[in-house]
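[1] starting from these lines, generate the structure:
(2 chains)
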Protein chains: 2
Amino acid sequence: MSDKTSELTNRTIGFIGLGFMGKPMARNLQAAGATMIIHSRSAGPVEELVAEGMTGAASPADVAAQAEIVILMLTDTTAVELVLTGPSGILTGLTANTLVIDMGTTLMTTTQALAAKVHDAGGAYLDAPVSGGTMGAEAGTLTIMAGGDDDAMDRAAPLFDVMGAKTTHVGGIGAGQVAKAANQVIVGLTIGAVAEGLSLARKAGIDPAKVREALGGGFADSRILEVHGKRMVDKTFAPGAKSTIQRKDMDQAETLAARLGMEMPATTLNRKLYDRMIAAGHGDLDHAALIAAIDPSAI
Amino acid sequence: MSDKTSELTNRTIGFIGLGFMGKPMARNLQAAGATMIIHSRSAGPVEELVAEGMTGAASPADVAAQAEIVILMLTDTTAVELVLTGPSGILTGLTANTLVIDMGTTLMTTTQALAAKVHDAGGAYLDAPVSGGTMGAEAGTLTIMAGGDDDAMDRAAPLFDVMGAKTTHVGGIGAGQVAKAANQVIVGLTIGAVAEGLSLARKAGIDPAKVREALGGGFADSRILEVHGKRMVDKTFAPGAKSTIQRKDMDQAETLAARLGMEMPATTLNRKLYDRMIAAGHGDLDHAALIAAIDPSAI
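    Below you'll find the model as predicted:
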């Protein structure tokens, strides 16, 4: 848990979506002094956090009615739409100046449409997806990519301080989601790059650990070579981030590209390679296990 | 020029191939005290370096007859074969214990065949390709990936110290070339990854400079995002490393993969994207200009 304290005492913050990421993020906000109003599809995490002093709410609308800022940390775009516009959704409980912050990975075009509805109802909106995984969520060291106006950014800043190590205000509504899509595209393709390079070494009878060592510090170096390259060398594929989640994010980035009328040929190929390894039964492994699509003996 | 001095005083070193990389490497060896015997296809660089105190030799055989260690820094695999096995090639002038060091980017299988011939003739062999470009060659900060036996590595160590900042002994003969092939595969594919991510941002109307900034330090971070991503953002494509050279190296890595009976689907696609941008007239631009294959307006 983060040891950061902030200006959150006497602030009431809503949090919807209490999965592997959401739960530690909510805990860090509470630890920084906030009063937490929570809701989730599953009863388990709500009961767990209520036992720690948070207040459960019956619906997203009920959260929005009680909290000045409502954070969404949901599975996918469909879930965000439902929580905002569904029956008992946030829009039915919105009070003037409620700030909704979507910290999940949501399609840019949907984000922009939903933000317009929240603005029309008198609220404010930020998209602020994150990277850094469960470990970053627990430690309060997430990387936050935010889109929205300056006023909303100012209101969210103390919360971002608690949850993240680095926040970039990328641009207007949707800009955070575009940065996250670019992030996932680059992560997936860089994993694919390291997978082909290290597989070539292994096939040639050369120790991939030595090759990885030789490449460190040069132009082939990356966080992926350091972290996921090591997983490939050691054949340790406990997630980290699951391959099915990586594929979902690549799918969404492709959908965005299609709506913008552009092609991303390497992304399209990379997603097919994830299809291949998931079809082979490796979907629950770390996304570094993509190397199985190049060399089935590598995992 | 490097300011390193070493144990090279009274050592005689041959150097064949005096292009953009070879010339500064030879100069650094001379500056460290070595007597340099040089040869190149083009007369210009030889005359230039002879004027600086080096000794020109009439042929590769002539270099080998005079020098205990002969470094090759040639354009491609065909040139290495010719310099070693052609008329007046090194093999015709080899004396006992001559050490041949191929520092260019050569096909592994050819390297292994040529090394066997050199060994049969009583000589020793290392493959020691480099990364770091002209700047690294001038500064004596190349990254060196070496393959061969320990004795040869010991003999070459004082030279590698002068030319490079980091040397990794990857394995036996050919291992250096495999590491270099993996390096080039990863560099090309990571450039492709950053190109698709930043193009997605630009198409979505989001500032790619801000997206690059948001991604720095996270899992999408890499030397390529730092260096080549900046070139893409700034649209500055003076090489660095030319796209035609990158394509040649990817071609060679694909040839190696084919000989090993493996497929590298992302590498195959990436090489086609380089084909596309080179066909559009961008072959002399930096390899970061691959982004033109995704978005022709990006350069």
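[2] residues contacting whatever helix or strand residue A:272 lives in, please?
    If you go by DSSP states H and E, residue A:272 is part of helix A:265-277. Residues from elsewhere that reach helix A:265-277 (CB atoms under 8 Å, 6 or more residues apart in numbering or on different chains): A:185, A:188-189, A:192, A:243, A:246-247, A:250-251, A:253-254, A:257, A:283, A:287, A:289-290, A:292-294, B:189, B:192-193, B:196, B:265-266, B:269-270, B:273, B:294. Where you see a C-beta, it was placed from the backbone N, CA and C, and this is true even at glycine.
[3] what's the mean pLDDT across that helix?
    For helix A:265-277, the mean per-residue pLDDT is 98.
[4] likewise stretch A:44-52?
    98.
[5] identify each buried residue in that stretch, please.
    By 16 or more other CB atoms under 10 Å in any protein chain shown, the buried positions in stretch A:44-52 come out as A:45-46, A:49.
[6] show me what it is in contact with.
    A:18-19, A:22-23, A:26-27, A:30, A:36, A:38-40, A:56.
[7] circling back: output the buried residues of stretch A:44-52 in JSON lines; the columns should cover secondary structure.
    Formatted as JSON lines, the buried residues of stretch A:44-52 follow (DSSP: H, G, I helix; E, B strand; the rest coil):
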{"residue": "A:45", "secondary structure": "helix"}
{"residue": "A:46", "secondary structure": "helix"}
{"residue": "A:49", "secondary structure": "helix"}
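[8] quick check, nearest of those residues to residue B:161?
    Sorting the buried residues of stretch A:44-52 by how near they are to residue B:161, with CB to CB, puts residue A:45 at the top with 57.7 Å.
[9] list the helices and strands the helix or strand of chain A with the lowest mean pLDDT packs on?
    Scoring the helices and strands of chain A by mean pLDDT, DSSP states H and E places helix A:133-139 at the bottom, with a mean of 92. Under the contact definition 3 or more CB pairs under 8 Å, 6 or more residues apart in numbering or on different chains; DSSP states H and E, helix A:133-139 sits against helix A:22-31.
[10] could I get the helix it packs on in CSV with only the CA atoms?
    In CSV, the C-alpha atoms belonging to helix A:22-31 read as follows (Å, rounded to 0.1, in the frame of the first residue of the first chain):
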residue,chain,number,x,y,z
GLY,A,22,-9.5,-1.1,-8.5
LYS,A,23,-9.3,-2.6,-5.0
PRO,A,24,-5.7,-1.4,-4.1
MET,A,25,-6.4,2.0,-5.8
ALA,A,26,-9.5,2.5,-3.5
ARG,A,27,-7.5,1.4,-0.5
ASN,A,28,-4.7,4.0,-1.3
LEU,A,29,-7.3,6.8,-1.6
GLN,A,30,-8.8,5.8,1.8
ALA,A,31,-5.3,5.6,3.4
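[11] next helix or strand past it?
    As assigned by DSSP H and E, the chain's next helix or strand after helix A:22-31 is strand A:35-39.
[12] neighbouring strands - and their directions - for that next one?
    strand A:12-16 (parallel), strand A:55-56 (parallel) (DSSP bridges).
[13] correct me, but residue A:97 touches residue A:125?
    No - Residue A:97 is beyond contact range of residue A:125, at 11.6 Å (criterion: CB atoms under 8 Å).
[14] what sits against the residue lying closest to residue A:20 once chain neighbours are set aside?
    Nearest non-adjacent residue to residue A:20, counting by CB to CB, 6 or more residues apart in numbering or on different chains: residue A:134, 4.9 Å away. Neighbouring residues of residue A:134 by CB under 8 Å, 6+ apart: A:20-21, A:24.
[15] relative to residue A:238, how far out is residue A:134?
    According to CB to CB, to the nearest Å, residue A:134 stands 12 Å off from residue A:238.
[16] can I see the domain layout of chain A?
    The record assigns chain A these domain ranges, following automatic domain parsing: A:12-172, A:179-298.
[17] deepest of those, which one?
    Comparing those by mean neighbour count (mean count of other CB atoms under 10 Å in any protein chain shown), domain A:179-298 comes out on top with a mean of 23.
[18] ok, then the element right after the helix or strand containing residue A:214?
    Per DSSP H and E, residue A:214 falls inside helix A:208-215. Sequence-wise, the next helix or strand downstream of helix A:208-215 (DSSP H and E) is helix A:223-234.
[19] from the contact counts, what lies against that following helix?
    helix A:175-203, helix A:208-215.
[20] so whichever strand or helix holds residue A:84 versus strand A:35-39, what angle?
    In this assignment (DSSP H and E), residue A:84 forms part of helix A:77-85. Between helix A:77-85 and strand A:35-39, the angle comes out at 120 degrees (axes from the mean of the first three to the mean of the last three CA atoms, to 10 degrees).
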